[in-house]
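In: Need a 3D model of the sequence below.
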Amino acid sequence: MNYSHHIKTFEELTNTELYDLLRLRSEVFVVEQNCVFLDLDDKDQACYHLLLHQDSQLAAYVRIVPAGVTFKEVSIGRVVTSPATRGSGLGRVVMERGIKACQELFGNEPIKIGAQCYALKFYNSLGFEEVGEVYDEDGIDHIHMILEF
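Out: Prediction:
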């Protein structure tokens, strides 16, 4: 599988990269999941953005969130793969790269996520464990999960 990835701050993103990541997030979270929510939540500016490209197309993306922005812990959010690349393993690749990036940027701090419940087994397979109760976010069941090192 031929892919490349880049991690950039908000200021380092090109206009095209920003457009592509926002388009992919909108395509999946708003249109595909039929979820009306404000994706532009004023957190992107404080975050790192991991873009995974395959054949020069954005294939997967995660937002790396410093501690204190969403949770007291470091976080990974807006995990998304392009519908065109689903089933190729890029979801695992982008999450593994995201976890590694968190360690490189912030050390071996715990990583907390708000996971959609349908993906629970996927996140368990990466070492995340459930904490707390299931909650509704924009009409989709979620649960908080933590990855400890």
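
In: Render the CA-only coordinates of the host helix or strand of residue 63 in CSV, please.
Out: In this structure, residue 63 sits in strand 57-65 according to DSSP states H and E. Extracted C-alpha coordinates of strand 57-65, given in CSV (Å, rounded to 0.1, in the frame of the first residue of the first chain):
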residue,chain,number,x,y,z
GLN,A,57,-5.6,11.9,-2.3
LEU,A,58,-6.5,12.5,1.3
ALA,A,59,-7.4,8.9,2.4
ALA,A,60,-7.5,9.3,6.2
TYR,A,61,-7.2,12.0,8.9
VAL,A,62,-7.0,12.5,12.6
ARG,A,63,-6.9,15.6,14.8
ILE,A,64,-4.4,15.5,17.6
VAL,A,65,-5.6,17.5,20.5
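
In: Show me which residues of it are buried.
Out: Buried residues in strand 57-65, counted by 16 or more other CB atoms under 10 Å: 58-65. (C-beta placed from N, C-alpha, C; glycine too.)

In: which one among these gets closest to residue 30?
Out: Using CB to CB, residue 61 is the member of the buried residues of strand 57-65 that lies nearest residue 30, at 14.6 Å.

In: where's that closest one relative to residue 69, distance?
Out: 17 Å (CB to CB, to the nearest Å).

In: With residue 26 instead?
Out: Distance from residue 26 to residue 69, by CB to CB: 21 Å.

In: cool, and residue 145?
Out: Residue 145 sits 17 Å away from residue 69, going by CB to CB.

In: between those two, which one's more packed in?
Out: Each of residue 145 and residue 69 has its neighbours counted (other CB atoms under 10 Å); residue 145 has more, 21 against 17.

In: any idea which element that one lies in?
Out: Per DSSP H and E: strand 140-147 holds residue 145.

In: Please identify the buried residues of that strand?
Out: Neighbour-count burial for strand 140-147 flags 142-147 (criterion: 16+ other CB under 10 Å).

In: What segments of this structure are helices?
Out: Secondary structure of the chain (DSSP state H): helices at 15-25, 90-106, 120-125.

In: coming back round to it: how about the buried residues of strand 140-147 in TSV, adding distance to residue 120 and pLDDT?
Out: Below are those laid out as TSV (distance: CB to CB, whole Å; pLDDT from 0 to 100):
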residue	distance to residue 120	pLDDT
142	10	96
143	7	97
144	11	98
145	8	98
146	13	98
147	14	98
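
In: Brilliant, that's me finished.
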